[in-house]
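K.L.:
Structure for the following, please:
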Amino acid sequence: MHIFNGTKSLLNNANKENIVALDIGFAKHENRSCGVALWKDDAIQSWNSPYGELISFCCDWPTEELHLIVEAPLFFVFDYNGNPAGRMLFEDPSHYWYLQAGVTVAFSTLNLFLELSKSGITYRLFVYEGYLPHFGERQPHALDAAGLLAAAMRKQNIIQYERTEFKGIVRSIHYYIGLAEMDNLPPVIQPL
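P.N.:
The predicted structure follows:
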């Protein structure tokens, strides 16, 4: 599998039609708990999808590269005692990656990448993390995915963090699916 952490410049120079944003939910198959957004015909198109169909959509990507923005943790921070720690530079304490819904989304994302790895995809996959802090009432996943995709087009919304900015041990999603870890962390797209 050819999976790489993207960079700001890669995302800014990518063909718009090769960029997809996902807001992953993890529920029964018939539940459309995921949001998908992509550029088509010069506009953002988004829809809600069951988790299983989301995996198939990603496995069947038709071009040689996919720039995938995932609203989920793509890297994890642990303190020096090995306990999970918040990614204090941007995570809201009520939404740490290892708490409540955060850990469900972290696991579902890990499972997505494991399924992609097992499927034998041949395209180059560049990954970016989306982070949507939620205030008040939640909106449909498709709207969150569309919001992430729109935010990625505004260059000031793409933040490239360095491992050294986090206190503790930083592990990327690559580590958990048995791939060599990248030196750089995936950029984080945050609607500002």
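K.L.:
Show the residue spans covered by the strands in this protein.
P.N.:
Remark: strands assigned in the chain by DSSP state E are 2-5, 19-23, 34-40, 43-49, 65-71, 75-78, 84-85, 124-130, 158-159, 169-172, 188-189.
K.L.:
Would you mind putting these into CSV with mean pLDDT alongside?
P.N.:
Shown next, in CSV, are these (pLDDT from 0 to 100):
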stretch, mean pLDDT
strand 2-5, 90
strand 19-23, 96
strand 34-40, 95
strand 43-49, 95
strand 65-71, 96
strand 75-78, 96
strand 84-85, 94
strand 124-130, 95
strand 158-159, 92
strand 169-172, 94
strand 188-189, 94
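K.L.:
Is it possible to get CSV of those strands that adds distance to residue 118?
P.N.:
Every C-beta, even on glycine, is put in place using the N, C-alpha and C of the backbone. Converted to CSV, those look like this (distance: least, Cβ to Cβ, whole Å):
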stretch, distance to residue 118
strand 2-5, 13
strand 19-23, 18
strand 34-40, 19
strand 43-49, 20
strand 65-71, 17
strand 75-78, 21
strand 84-85, 26
strand 124-130, 14
strand 158-159, 30
strand 169-172, 19
strand 188-189, 27
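K.L.:
Rebuild those strands as CSV, extending it with mean neighbour count and distance to residue 100.
P.N.:
Formatted as CSV, the strands of the chain follow (neighbours: other Cβ atoms under 10 Å; distance: least, Cβ to Cβ, whole Å):
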stretch, mean neighbour count, distance to residue 100
strand 2-5, 18, 26
strand 19-23, 25, 17
strand 34-40, 22, 18
strand 43-49, 17, 22
strand 65-71, 23, 16
strand 75-78, 20, 16
strand 84-85, 18, 13
strand 124-130, 23, 19
strand 158-159, 18, 24
strand 169-172, 18, 20
strand 188-189, 24, 20
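K.L.:
Relative to residue 138, which of these is closest?
P.N.:
Among these, the nearest to residue 138 by Cβ to Cβ is strand 19-23 (10.3 Å).
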